[in-house]
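Novice: When you get a sec, could you give me coordinates for this:
(2 chains)
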Amino acid sequence: MTRFQRWALALTLPAAVLAIGLYVFPILQVLALSFLEPKPGFGNYVSLFGNAAIGRVVRTTVIVSVLTTAITVVLAYVVAFAIVQMRRELRRVALFLVMVPFWISVLVRAFSWITILRRNGVLNTALTQTGLISEPLDLVYNQFGVIIGMVHYMMPFAILLLVANLGDIDRRIIQAARSLGAQPATVFWRVWLPLSLPGISIASLFTIIFSLGFLVTPAILGAGRVLMIAEYISVQISSTLRWGVATALSTLMLVAVGILVAIAMRHPAMRAAFGGGRA
Amino acid sequence: MTPVRRLAQIGAPKFFAWLLLAFLFVPILVVITVSLTDRDYLSLPQDGISLSHYASLLDWRAGWLASMLTSFVIALISSLLATTVAAAYAIGAWVYVGRWPSMLRVVLLSPLIVPPIIYAVGMVKLWSRFGLLDSWIGVTIVHVMLAIPLAVLAIGASLSNLDPRMVQAARSLGARPPTIFLRVIVPNLASGIGAGAVLAFITSWDEITVTLFITGRHIVTLPRRIWTSIADSVDPALAAIASVLLLATLLALLVRVLFVERGRAPSR
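Specialist: Numbers count the residues shown, from 1 in each chain, chains lettered A, B, ... in the order given. Below is the predicted model:
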């Protein structure tokens, strides 16, 4: 190793020390505690599977996350597909409309949905005043409100990932299909869609991972009535102080995320996409 | 093809896409309207608009200014630290190609994937052992760790455009390693380091999940104060602060679209 390379190696050390001491170690400690608190063994995991309340929380989390992911990716695909075909100026306008919510604080976005969806909120007021409905609708503090808020949060991510993927598709393939006489619907189903599968997989993967561990939007728009795992963990460590349960659930969540990422990495297109970095 | 069918095949999906873009954008704008309400509860303006909720933000006792200051100081310091560490790592990894830097890269980027609630649980335990819960140092360190990934990505992107021959030239002319790092590589990365610092600042300024668990009465960042207000009241001051944040974001994005991207366009 040359002197120059030794210097370079030394430059990576502060990041390594910080990452291992203040990121990896605390998370490993979570894993360890799940087997040690309150007494050593698999007790926490056994009680997780026997506990009806936790079962309900896990079920809610999976249902909300899967619905959010499905809705987000389908809608994001429609937007991304339209964006890549737009003229330059229009595309800039559209991307601006995506970037604004992307950069807006998650709290501001959840709060907007509260002002719109609550019983005497903007939407219910408008609907009752125009006489479309007589009683205000329950649009928030239930699964419906949580899913709207989460789809709204995840869509910009998914759109940006899909735009990057669809933009990379070689247009000459599309032109070739057209010149060989394929109908627009055939071109879409047999050419565009298969070529965009890697993008769709990445967008789905990120959406489901973010959804599974999401705290802020479900907590605000669910107001305790739609309890997801992250909020349940937060209650365990801040009110009831059941560290064993909190760390065991955290461990399960980490394992689930790890499995999802590992599945994704088996796909060469996904590896390429991850290797290329995400922005 | 009849015009109606043509519209159905090409027009309708486009129309639907714009409708979805409106779904993304319009709800956020509602906040601005609500912030101008003349009532003291969350509602649309009824007999006229009022700026009183903006004025109430300026009252020091209301706590909004103090929280903004808290968030600003923490974001500034953690952005500086995160950018320094990330730049050192990225440059080191660029020169020293091998297994170790790429393994470390996976660890450094993992906060982008690992749900923050898991990190929050770990940090509550660690900081309670060191007595750093609800302390400036405790929050700043956590924000550094969460900001490093974005800084690494931004600086890494700008390093991939750097010409290695420049470094070879400096080495063959006999420059010492510190000189090469500080006077050849760093100046050429200025834009990437700047972008990394901005991303790190925003990450810290916006961070809520982990902050929620490791702060208490003493350190109240802006997101934390917003979180508490959403939970326990319907104060229109919340709409005012949300609008201020929204307008700042809109302004920053407009500046980027109008100036930065336009200035860069011809070179592409």
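Novice: give the contact list for residue A:244.
Specialist: A:33-34, A:37-38, A:43-44 (CB atoms under 8 Å, 6 or more residues apart in numbering or on different chains). The C-beta positions use only the backbone N, C-alpha and C, and glycine is treated the same way.
Novice: before we move on, what about residue A:188?
Specialist: Per CB under 8 Å, 6+ apart, neighbours of residue A:188: none.
Novice: Which residue, other than its chain neighbours, is closest to the residue in chain A that chain B sits nearest to?
Specialist: Going by CB to the nearest CB, chain B is nearest to residue A:213 of chain A, at 2.3 Å. Nearest residue to residue A:213 in three dimensions, chain neighbours excluded: residue B:115, at 2.3 Å (CB to CB, 6 or more residues apart in numbering or on different chains).
Novice: And that neighbour, its phi and psi?
Specialist: phi -60, psi 130 (degrees, to the nearest 10).
Novice: residues touching the residue of chain A closest to chain B, list them.
Specialist: Contacts of residue A:213 (CB under 8 Å, 6+ apart): A:229-230, A:253, A:257, B:114-118.
Novice: Mind pulling the model confidence for it?
Specialist: Here the pLDDT value assigned to residue A:213 is 92.
Novice: which stretches of the chain aren't confidently modelled?
Specialist: Going with chain A. A:269-279 (pLDDT under 70).
Novice: Sorry, I should have been clearer: chain B.
Specialist: The model of chain B has pLDDT under 70 over residues B:1-10, B:233-234, B:261-268.
Novice: run the last query once more with 50
Specialist: Residue ranges of chain B with pLDDT under 50: B:265-268.
Novice: Which residue does it have closest to chain A?
Specialist: Nearest residue of chain B to chain A, counting by CB to the nearest CB: residue B:115, 2.3 Å away.
Novice: give me every residue that touches that residue.
Specialist: Residue B:115 is in contact with A:209-210, A:212-214, A:230, A:253-254, A:257, counting by CB under 8 Å, 6+ apart.
Novice: buried subset of the residues you listed?
Specialist: Among those, those classed as buried by neighbour count (16 or more other CB atoms under 10 Å in any protein chain shown) are A:209-210, A:212-214, A:230, A:253-254, A:257.
Novice: what number of residues lie near residue 120?
Specialist: Because you didn't say which chain, this covers chain A. Using other CB atoms under 10 Å in any protein chain shown, residue A:120 has 12 other residues around it.
Novice: Switch to chain B, please.
Specialist: There are 27 residues near residue B:120, going by other CB under 10 Å.
Novice: you'd agree it is up against residue B:212?
Specialist: Yes: Residue B:120 lies in contact with residue B:212 (CB atoms under 8 Å); the separation is 7.3 Å.
Novice: centre of the chain versus stretch A:57-71, how much separation?
Specialist: 11 Å (CA atoms, centre = their mean, to the nearest Å).
Novice: actually stretch B:201-221, not the one I typed
Specialist: Taking the mean of its C-alpha atoms, stretch B:201-221 sits 13 Å from the chain's own mean (CA atoms, centre = their mean).
Novice: Just the buried residues of that stretch, please?
Specialist: Neighbour-count burial for stretch B:201-221 flags B:201-215, B:219-221 (criterion: 16+ other CB under 10 Å).
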